[in-house]
Structure formats: structure tokens, C-alpha cells
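Engineer: predicted coordinates and the sequence they were generated for:
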Amino acid sequence: MKTKLLLAIFLCLLPLRSLPAQTLDEIIKKSIDARGGIDKIRAVQSERINGRVSFSQGFEGTLVLELKRPHKLYSEIIVNGQKVLRVYDGKAAGWTVNPFSENQDAVEMSADELKGMPDESDLDGPLVDYKTKGSQVELAGKEDASGKTVYRLKITGKSGEVRSYLIDGSTFLTTKWEGIRKVGDQDLPWECTLSDYREVQGLKFPFRIDQGSPGTEYKQTLSIEKVEINPKIDESHFAKPAVSKAPAAAAPAASKP
């Protein structure tokens with residue numbers, strides 16, 4: 001009986017012993033190294049991602065996302081032949097074009113949208129130079145996720161936005177982030193799961209991204225087909241879009257990338 005009891009205690013301790021204790025600084029460094037290392041990350045001046053996006057209502061489309069230092073962003077989703085655009089000039093101006101809405105002009109982003117654009121357009125990710133960016137990072141704990149040990153980091157950005165990032169305890173790649181996203185006039189809980197990591201020029205990228213708001217119709221899956229490092233991107237992509245008028249189309253329930 002005593003032997004069985006000791007064996008049971010030993011087995012219970014195995015998961016705790018399988019991963020050594022990690023400090024916050026160690027987790028951040030290992031996460032950055034897992035992506036390819038700080039030097040390779042900083043060497044990226046521009047990035048272009050091509051893929052396909054599918055929505056829970058059955059709509060599908062293609063995606064082009066372009067990022068360029070400092071903080072410039074161009075996002076294009078084509079659904080049913082209609083092009084949805086989001087553009088940020090890297091400074092203080094941004095525009096959206098939604099052919100599924102009543103106003104099909106290039107609409108200036110609201111103050112709330114602009115507040116989050118520096119984070120959204122950040123080529124480096126939230127952990128690189130987070131103190132310089134004015135962010136705060138806390139190690140919120142270690143937990144189990146689908147049989148894997150993950151570290152939960154709570155990141156509070158300069159804008160005040162709070163997100164939790166789950167870092168795989170073995171690979172130190174980000175597997176998921178959780179936060180709040182504004183959809184229309186609603187602030188909804190949002191989850192983004194990152195998987196199918198692949199190496200591109202020495203850097204790791206998730207080639208599948210599943211995101212949405214739990215318990216709602218807002219769900220979408222991005223399947224990345226190609227990642228280009230340091231492509232040449234025309235500066236006009238980050239200026240106010242010129243819009244050609246077209247008949248309004250039926251909108252997918254979630255068209256924001």
C-alpha cells in the first residue's frame with residue numbers, strides 16, 4: 001500500500017517537474033528566440049502575407065496583408081468580388097473601405113480604431129522592446145491547455161488595451177491570445193488561436209489563425225499560403241484609397257480581418 005501511494009504521488013509530480021521554473025524575462029527571451037531571434041526580427045523592414053479567409057456563415061475570400069516600418073498597414077479582403085480595405089499610414093491617419101456598407105467611400109478611422117493601430121501594425125510583435133513601447137507585461141501563471149503546459153502573459157499596451165498571451169512551455173511559440181475587440185458598437189470577448197507554424201527565411205509564422213468571439217456568429221479562419229520577407233511595397237498603398245463606385249453587395253456577418 002505504501003509503495004502504491006508513493007508511486008501515485010510521484011506520478012502526480014511528473015507534470016510539475018517536466019518544465020523548470022521560468023522567470024518572465026526568460027519566457028520573453030525564449031519566445032523571441034523561438035520566432036527566429038531578435039536580430040532577424042529587427043531585420044524585417046516589410047512583410048506581405050497572402051492567404052484565404054473563411055467566415056462561419058459560409059463566405060470565403062482572399063486576403064493580402066502588407067506591413068512596413070514604421071507601423072504602416074494595408075489590408076485587403078476580397079469577398080464575392082468586393083474589396084474590403086483597411087489602411088494605416090503609420091502616423092496618425094487611417095481609412096476603411098467597406099463595399100457592403102451604405103457608405104462605400106474611404107471612411108476615416110475613428111479615434112478608437114486609430115488608438116489600436118500601432119499595435120496591430122507592429123512588425124516586431126508585442127514582446128519585442130515592450131518597455132520602450134510603453135507596455136507592461138506580467139507573468140499571470142502556468143496552466144494546462146489541451147494537455148500542454150502554457151505560460152499566460154498579461155500584456156497591457158500603451159493604449160490601455162489588455163490581452164493575455166498563451167506561450168507554449170515547450171516551443172515557446174504563442175498559441176493563443178485573448179482580449180476584447182470592438183465589433184460595430186459592441187465590445188466583445190475575442191480569442192485568436194495560432195497554429196501550423198512554419199519557417200520562412202529563418203523566422204517562424206503561424207500559417208493558420210482561427211479567431212472569433214465565443215458564443216457569437218463572429219468566427220473566421222485565415223489559412224496563409226505565402227509569406228514574403230522584405231518585399232518592395234509601393235508607398236501609395238498606405239495613402240487614402242481611391243474608391244470606384246460599385247453596386248452594394250450582401251455583406252458577410254464578419255468582414256473585418
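Structural biologist: Received it, and whenever you're ready, just let me know what you need.

Engineer: which element follows the longest strand anywhere in the chain toward the C-terminus?
Structural biologist: Secondary structure of the chain per DSSP state E: the longest strand is strand 186-200. For strand 186-200, the succeeding helix or strand toward the C-terminus, using DSSP states H and E, is strand 203-212.

Engineer: quick check, pLDDT for the residue lying closest to Glu120 once chain neighbours are set aside.
Structural biologist: The shortest distance from Glu120 to any non-neighbouring residue, by C-beta to C-beta, 6 or more residues apart in numbering, is to Leu73 (6.6 Å). C-beta here means a position set from N, CA and C on the backbone, and glycine is covered the same way. We note a pLDDT of 98 for Leu73 in this prediction.

Engineer: phi, psi of Leu73?
Structural biologist: Main-chain dihedrals, Leu73, degrees, to the nearest 10: phi -140, psi 140.

Engineer: ok so, going back, give me the distance from the longest strand of the chain to the chain's centre.
Structural biologist: From the chain centre to the centre of strand 186-200 is a distance of 5 Å (C-alpha atoms, centre = their mean, to the nearest Å).

Engineer: one step back: what bridges to the residue nearest to Glu120?
Structural biologist: Leu67, Tyr88 (DSSP bridges).

Engineer: and the gap between it and Pro214?
Structural biologist: Using C-beta to C-beta, to the nearest Å, Leu73 is found at 26 Å from Pro214.

Engineer: name the element Lys40 belongs to?
Structural biologist: helix 38-42.

Engineer: for the chain, which segments are assigned as helices?
Structural biologist: 2-18, 24-35, 38-42, 111-120 (DSSP state H).

Engineer: looking at these, which has the lowest confidence?
Structural biologist: helix 2-18 (a mean of 40).

Engineer: ok, what's across the strand from the residue nearest the centre of the chain?
Structural biologist: Closest to where the C-alpha atoms of the chain average out (C-alpha atoms, centre = their mean) is Cys192, at 6.9 Å. Beta-bridge partners for Cys192, by DSSP bridges, are Trp177, Gln211.

Engineer: low-confidence ranges, the protein, go.
Structural biologist: Low-confidence segments of the chain (pLDDT under 70): 1-21, 245-257.

Engineer: if you set the cut-off to 90 instead, what comes out?
Structural biologist: For the chain, the stretches with pLDDT under 90 are 1-22, 56-59, 100-104, 112-113, 115-116, 145-148, 158-160, 181-187, 215-218, 242-257.

Engineer: ok, residues contacting stretch 203-214?
Structural biologist: Here stretch 203-214 makes contact (C-beta atoms under 8 Å, 6 or more residues apart in numbering) with 34-36, 40-41, 44, 56, 173-174, 181, 183, 188-199, 218-224, 227, 229, 254.
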